[in-house]
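Undergrad: Take this sequence and fold it.
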Amino acid sequence: MSDNIDEISELHHSDGMNNIMHKESITKDYLDTAIKLVTGPRSHAYGDKVINHNNIAKLWGAYLDTNITAHDAAIMLGLLKVARAKFGNPSSDTYIDAAAYMAIAGECKHKEDNNGSS
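TA: Residues are numbered from 1 along each chain as shown. You can find the predicted model right below:
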């Protein structure tokens, strides 16, 4: 597990986070980093993103006594990042993670619509 955390840290910091502000396209760099994170070390550390967000949704739904989908969970995690950006001192990680959560939400919604499951 610590190897995966080291890889994530490597992506966040050594793969360009320290140099990202010096590059021409910050948007592209943020999105490229988000892609690397959700398809690389995090997918190995946390497993399938849709299954993981479905599990989060079930736990949140049980706690709130309501139905929450994997799509809802990913959207709400993205909103967490928006809240941090609004009220905190956001870092590049905030924006990268928000982009990743929105992409995961899109994948969850696609799978819900095509498989009839959440």
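
Undergrad: count of residues packed around the closest residue to Met102 other than its chain neighbours?
TA: Distance criterion Cβ to Cβ, 6 or more residues apart in numbering; nearest residue to Met102, sequence neighbours excluded, is Gly78 at 5.0 Å. Heads up, the C-betas are built off the backbone N, CA and C, glycines and all. The number of residues packed near Gly78 is 19, by other Cβ atoms under 10 Å.

Undergrad: what comes up buried for the one helix or strand Gly78 maps to?
TA: Using DSSP states H and E, Gly78 sits in helix 70-87. For helix 70-87, a neighbour-count test (16 or more other Cβ atoms under 10 Å) marks 70-78, 81, 84 as buried.

Undergrad: re the thing from before, distance-wise, check the residue nearest to Met102 relative to His44.
TA: Distance of Gly78 to His44, given as Cβ to Cβ, to the nearest Å: 22 Å.

Undergrad: Point out where the chain drops to low pLDDT.
TA: 1-23, 116-118 (pLDDT under 70).

Undergrad: so what's the residue nearest to Met102 up against?
TA: Each residue near Gly78 by Cβ atoms under 8 Å, 6 or more residues apart in numbering is listed here: 98, 101-102, 105.

Undergrad: Who wins on neighbours among the residues you listed?
TA: Tyr101 (24 neighbours).

Undergrad: mind checking how far the helix or strand containing that residue is from the chain centre?
TA: If you go by DSSP H and E, Tyr101 is part of helix 92-115. Centroid separation for helix 92-115 versus its chain: 7 Å, with Cα atoms, centre = their mean, to the nearest Å.

Undergrad: Go through it and flag the buried ones.
TA: 92-105, 107-109, 111-112.

Undergrad: try stretch 30-45
TA: Buried positions in stretch 30-45, judged by neighbour count with 16+ other Cβ under 10 Å: 30-34, 36-38, 41-42.
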